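> Below: sequence and its predicted model.
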Amino acid sequence: MTNHTAGTAYAVHQIARPTGFPTAADFAYVEQPVPAPVPGTALVENLQLSVDPYHRGMMDGGEGGFALHAPLEGRAVGRVLASLDPGLAEGDLVFHRQGWRTHALVTAGVDGTRKLRGHAGVPLSAYLSVLGGTGLTAYAALTRVARLREGEDLFVSAAAGGVGVATAHIARLLGARRIIGSAGSAAKVRRLTGDLGFDAAFDYHDGPVAEQLAAAAPDGIDVYVDNVGGDHLEGAIGALREFGRIAWVGAISMYNTDRAPAAPRNLFEVVHKSLRLEGVLVSHHTDLQEELEDFLVPHLRSGSVGVDATVVQGFDRTVEAFVGMLHGQNTGKMLVEVTG
Ligand SMILES: NC(=O)c1ccc[n+]([C@@H]2O[C@H](COP(=O)([O-])OP(=O)(O)OC[C@H]3O[C@@H](n4cnc5c(N)ncnc54)[C@H](OP(=O)(O)O)[C@@H]3O)[C@@H](O)[C@H]2O)c1
């Protein structure tokens, strides 16, 4: 790209529809003057950006998808440089959804834009990871959908990713007994059972998920938080005990293929075991945001819960961070530090 120049804003545009995994050629970094705030808006300099699996689906276009040759949408945190919005003042730190760009015009209360509560001792990256949509997804999955109870056993897939790690932290605080995770490399499995505190973990490349899960949880599981779909979902249905619950969060094994989603061949076990399977869409649970912050902030301050993120330095590497995340290059939430 280019040297960043004062007075110049940069944005990532999608310029082609990817087939399978996206590549750098599907995107362009586009320059424009830094916009001036108009009445009712504030100019924000983005500090950190989130790149997320759901962006991949939006890149296919269609209803609700990304238009070509226009800035993309994404979660971001930034600082107000100038404001004509009575709800925001210069210097405020804000969360908003105009990511994939260096500067944005935002309005408090519109499209999720909010001034951050700014908890002392909590790093900014927390608001795009464990206190952001990622943590909120995990919290809603466990407390509202699966209703995890103390002493229950949990399996989570894509366990070393943002939602996966947040799920494990929150489940531990809720009193889960055994926490089992799957991930895509031996190094990630070591992290899971090491500093991330999982009781057991396996690499899904090492053999059928159902067999590896049965070995890791010989007595079964009570709750499955599904980030992956396909064979993971089928394996978990097999391992769940009677009255078990599945909080279905995502199906990343399918996002970069044009195959139809794989249906679990053992779906009828849902009946035999009286299982409950329910989808989780974080936008239906935004009312839990303050509750999540009140629940987690003391643990973030004490250090008993960490902010687990892979932070890629520099706006010019936003596309690289996004594609890398789809290929599993992150541990914890994948973020971009804009001015890194
Ligand atoms: N429903 C909602 O509202 C909501 C909100 C947030 C996220 N989600 C979903 O939650 C899941 C995790 O999202 P995240 O933001 O936390 O991303 P993430 O887990 O931090 O990153 C994606 C991870 O997926 C794994 N992966 C990629 N291809 C895979 C495959 N074929 N099979 C198994 N794992 C694969 C990679 O790790 P490995 O190295 O382990 O393969 C990669 O690190 C996604 O499915 C996402 O769509 C849903």
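Good, I have the coordinates. Numbers count the residues shown, from 1 in each chain.

> domains for this structure, by residue range?
According to automatic domain parsing, the chain comprises the domains 8-129+307-337, 133-283.

> Any residue of the last one touching the ligand?
It refers to domain 133-283. Yes. For domain 133-283 and the ligand, the contact criterion (CB under 6 Å from any ligand atom) is met by 133-134, 137, 158, 160-164, 183-185, 188, 204, 227-228, 249-253, 280-282. In this view, the C-beta of every residue, glycine as well, is placed from N, C-alpha and C.

> List only buried entries from the residues you listed.
The neighbour-count test (16 or more other CB atoms under 10 Å) marks 133-134, 137, 158, 160-164, 183-184, 188, 204, 227-228, 249-253, 280, 282 as buried among the residues of domain 133-283 next to the ligand.

> Now, those residues that are in strands?
Members of these lying in strands (criterion: DSSP state E): residue 183.

> Just the buried ones among the residues of domain 133-283 next to the ligand: which are in helices?
Within these, residues falling in helices by DSSP state H are 133-134, 137, 162-164, 188.

> would TSV of those residues with distance to residue 76 be doable?
Shown next, in TSV, are these (distance: CB to CB, whole Å):
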residue	distance to residue 76
133	11
134	14
137	17
162	15
163	19
164	22
188	27
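
> Need the residues you listed in TSV (columns: pLDDT).
Formatted as TSV, those follow (pLDDT from 0 to 100):
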residue	pLDDT
133	96
134	98
137	98
162	98
163	98
164	98
188	98
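
> quick one: contacts of stretch 308-321?
The contact list for stretch 308-321 (CB atoms under 8 Å, 6 or more residues apart in numbering) reads 1, 4, 10, 12, 22, 24, 27, 29, 48-49, 51, 100, 102, 125, 128-130, 162, 165-166, 196, 324, 329-340.

> what's downstream of the host helix or strand of residue 295, the next helix or strand?
In this assignment (DSSP states H and E), residue 295 forms part of helix 289-302. Per DSSP H and E, helix 289-302 leads on to strand 309-313 as the next helix or strand towards the C-terminus.

> near the ligand at all, that following strand?
No. Remark: strand 309-313 sits outside contact range of the ligand, by CB under 6 Å from any ligand atom, the gap being at least 8.4 Å.

> Just give the closest residue to the one residue in the stretch 201-340 of the chain that gets nearest to the ligand, not the sequence neighbours.
The minimum distance from the stretch 201-340 of the chain to the ligand, using CB to the nearest ligand atom, falls at residue 250 (2.0 Å). Counting by CB to CB, 6 or more residues apart in numbering, residue 250 lies nearest to residue 227, which is 4.7 Å off, once chain neighbours are set aside.

> which secondary structure element contains residue 32?
Using DSSP H and E, residue 32 falls in strand 27-33.

> Check which helices and strands the helix or strand immediately after that strand in the chain is in contact with.
Sequence-wise, the next helix or strand downstream of strand 27-33 (DSSP H and E) is strand 42-50. With contacts taken as 3 or more CB pairs under 8 Å, 6 or more residues apart in numbering; DSSP states H and E, strand 42-50 sits against strand 76-83, strand 93-96, strand 103-106, strand 333-337.

> Can you list the strands that strand 42-50 pairs with?
When sheet partners are counted by DSSP bridges, strand 42-50 sits next to strand 76-83 (antiparallel), strand 103-106 (antiparallel), strand 333-337 (antiparallel).

> So which of those strands is nearest residue 211?
strand 333-337 (29.7 Å; CB to CB).

> Outside of that closest one itself, list whatever touches it.
47-51, 125, 128-130, 132, 134, 161-162, 165-166, 308-315, 317-318, 321-322, 324-325.
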